[in-house]
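Participant: everything below, folded, please.
(one chain, ligands or ions: 1)
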Amino acid sequence: MNYFHYKDSELWCEEVPVSMIARDVGTPLYLYSYRTIERHFNVFDEAFAPVPHIICFSVKANSNIAILSMLAGMGGGVDIVSGGELYRALLAGVNPGKIVYSGVGKRVDEIRYAIESDILMFNVESEQELEVINACAGELRRKARISLRVNPDVDPMTHPHISTGLKENKFGIDINKSRYQYRRARELEHLDIVGVDCHIGSQITEMSPFLDALDRLTNLIRCLRKDGIDIRYLDLGGGLGITYKEETPPHPTEYAEEIIRRTKDIDCTLVFEPGRVVIGNAGILVSEVLYTKVSSEKHFVIVDAGMNDLIRPSLYGSYHAIQPVVEKSDDHFDADIVGPICESGDYLARKRTIPRFERGDLLAVMSAGAYGFTMASNYNSRPRVAEVLVKDDRYYVIRRRETYGDIVKGEAIPSFFAGVNG
Ligand code: LLP
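Facilitator: As a prediction, the model looks like this:
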């Protein structure tokens, strides 16, 4: 069952026509399908049902508190990388006992906030970070639970910008040095070592990188146990890819079967940090065609969503399917779909065969639920767009469109300017 579907030539999200929401809320807007998110989460969760596990949704993929609250209600935890993400997660009602904190650059204030919130564990990425967390925990008279994020040096075979588990990447601690680091960590009295973690990259469409990483982690766990360090959590990170165009990533069930098979004797709670696979194909960006024009034989469709709203095409050359919200005719042309931003790199699609859109038409940029709104900015002083969640035959605005006032919120003109300008 596809929750974005055509009925009488119109695109619907669940039981609501997309054009109706666009008319009510305005464009551009992000639109998410509740039932799709629910299904994606459940497929993942049920696949691991035979073993103890926690699914910690990666907040960076989509941080709207309504989405986080929904996933928390389904038993999910979260993977965070900043104090801001922790704030959102707690506000959304996520159980702190299901929050893991990753990231190479955690600040002292963020570490303290996480310790005070009693999160499940820090995924520590350097020796210095270990010492800082230990010091913070000591000051707070608490113990901080930690795992080391090891860098297993496997090639995830994905886009270089989103590959993280290779030796040359900044992430994690070299797996070959990790046994020594664990012994060091054991000497720090305010730390409680509980896990081993890795995250090798994102949009991974093959099984083998995950399995290579997993085998290295399970070996490490066995070695650590020999050293008397008891590991209770094995966190394999996120990274499972989705279909944007013709990719055929492993299905979560297939992924789970292999992982369960290889961790049978390891006696750990498995932790996963999926982002994209839960939310990517559960969201679209709806935009209106402002103008069309032809220059040097090239067609441009100029729409009201730009790279500030969805940066993935400009930043990574990512492919997002473009579909009409109302199918009008079979007449197609080749065009670039571009935004209003003053940069040549501002495009949503290039050299794409698309319906012959006209001014006023609505189009849907598909698979935009992950790393869409979260990577949006106010560049060119454009208010960030509205986010809407559809469930069955109703829709809910889960983030209102920003106003011009929101854009300048927090800015201040120094008082002495009055004299200068007046
Ligand atoms: N855990 C950690 C530590 C991560 O760094 C990430 C993503 C995830 C989990 C979630 O990965 P996922 O399941 O979503 O693949 N902006 C890029 C993606 C960057 C991913 C960064 N880390 C994009 O738009 O493709």
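Participant: now for the longest helix along the chain, which elements pack on it?
Facilitator: Ranked by number of residues, the top helix in the chain under DSSP state H is helix 208-226. Other elements packing on helix 208-226 under the criterion 3 or more C-beta pairs under 8 Å, 6 or more residues apart in numbering; DSSP states H and E are strand 144-151, helix 175-186, strand 191-197, strand 233-235, helix 252-262. Just so you know, the C-beta spots here come from the backbone N, C-alpha and C atoms, and that holds for glycine as well.
Participant: quick one: average pLDDT of the first one?
Facilitator: For strand 144-151, the per-residue pLDDT values average out at 97.
Participant: return the residues of the protein in contact with the ligand.
Facilitator: When proximity is defined as C-beta under 6 Å from any ligand atom, the chain approaches the ligand at 58, 60-61, 79, 102, 162, 199, 202-203, 237-240, 273-277, 312, 370-371.
Participant: among these, which ones are buried?
Facilitator: 58, 60-61, 79, 102, 162, 199, 202-203, 237-240, 273-277, 312, 370-371 (16 or more other C-beta atoms under 10 Å).
Participant: out of those residues, which sit inside strands?
Facilitator: Counting by DSSP state E, these place 58, 79 in strands.
Participant: picking that back up, buried deepest among the helices and strands packed on helix 208-226, which one?
Facilitator: Compared across the helices and strands packed on helix 208-226, strand 144-151 shows the largest average neighbour count, a mean of 27 (mean count of other C-beta atoms under 10 Å).
Participant: check which helices and strands it sits against.
Facilitator: Partner elements for strand 144-151 (3+ C-beta pairs under 8 Å, 6+ apart): strand 121-124, helix 127-139, strand 173-174, helix 175-186, strand 191-197, helix 208-226.
Participant: pipe these into CSV and attach mean pLDDT per row.
Facilitator: As requested, the helices and strands packed on strand 144-151 are exported to CSV (pLDDT from 0 to 100):
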stretch, mean pLDDT
strand 121-124, 98
helix 127-139, 97
strand 173-174, 93
helix 175-186, 95
strand 191-197, 98
helix 208-226, 97
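Participant: just checking, Ile99 touches Arg88?
Facilitator: No: in this structure Ile99 lies outside contact range of Arg88 using C-beta atoms under 8 Å: 10.9 Å.
Participant: ok, those two, which is more surrounded?
Facilitator: Ile99 (25 against 20; other C-beta atoms under 10 Å).
Participant: quick one: the spatially most central residue of the chain from Arg312, how far?
Facilitator: Residue closest to the average C-alpha location in the chain (C-alpha atoms, centre = their mean): Ala61, at 1.5 Å. Going from Ala61 to Arg312 by C-beta to C-beta, to the nearest Å gives 12 Å.
Participant: find residues that contact each of the two.
Facilitator: Jointly contacting Ala61 and Arg312 under the rule C-beta atoms under 8 Å, 6 or more residues apart in numbering are Tyr371.
Participant: can you name the residues that contact Leu11?
Facilitator: Per C-beta under 8 Å, 6+ apart, neighbours of Leu11: 4-5, 17-19, 323-326, 364.
Participant: now do the helices in the stretch 1-150 of the chain.
Facilitator: 18-25, 34-47, 65-73, 83-91, 108-116, 127-139 (DSSP state H, counting those that start in this stretch).
Participant: got the contact list for the second one?
Facilitator: The contact list for helix 34-47, computed with C-beta under 8 Å, 6+ apart, reads 1, 3-4, 14, 53, 55, 57, 67, 70-71, 74-76, 252-253, 255-257, 272, 274, 277-279, 281-282, 369, 389-392.
Participant: chain center to it, what's the gap?
Facilitator: Its chain's average C-alpha position is 16 Å from that of helix 34-47, according to C-alpha atoms, centre = their mean, to the nearest Å.
Participant: in that helix, which residues are buried?
Facilitator: 34-38, 40-41, 44-45, 47.
Participant: how close does whichever residue of the stretch 251-400 of the chain sits closest to the ligand sit to Ile242?
Facilitator: Nearest residue of the stretch 251-400 of the chain to the ligand (C-beta to the nearest ligand atom) works out as Gly275 at 2.7 Å. To Ile242, Gly275 is 10 Å away according to C-beta to C-beta.
Participant: please enumerate the shared neighbours of the two.
Facilitator: Counting by C-beta under 8 Å, 6+ apart, the residues touching both Gly275 and Ile242 are Ala370.
Participant: what mean pLDDT does stretch 244-254 have?
Facilitator: 97.
Participant: could I get the buried residue list for that stretch?
Facilitator: Using 16+ other C-beta under 10 Å as the test for burial, stretch 244-254 gives 244, 249-250, 252.
Participant: number of residues surrounding the closest residue in space to Pro209 that isn't next to it in sequence?
Facilitator: In this structure, Pro209 finds its nearest non-sequential neighbour in Pro156, 4.5 Å apart by C-beta to C-beta, 6 or more residues apart in numbering. Counted by other C-beta under 10 Å, the residues lying close to Pro156 total 26.
Participant: Pro156 contacts His199, correct?
Facilitator: No: Pro156 is beyond contact range of His199, at 9.7 Å (criterion: C-beta under 8 Å).
Participant: for Tyr404, phi and psi?
Facilitator: phi -60, psi -30 (degrees, to the nearest 10).
Participant: so who does the closest residue in space to it that isn't next to it in sequence touch?
Facilitator: Ranked by C-beta to C-beta, 6+ apart and with sequence neighbours excluded, the top spatial neighbour of Tyr404 is Pro383, at 6.7 Å. By C-beta under 8 Å, 6+ apart, the contact set of Pro383 is 401-404, 406-407.
Participant: got it, and Ser82?
Facilitator: So Ser82 contacts 103, 110 (C-beta under 8 Å, 6+ apart).
Participant: from the ligand, how far off is it?
Facilitator: Ser82 is 12 Å from the ligand, where distance means C-beta to the nearest ligand atom, to the nearest Å.
Participant: all set now, cheers.
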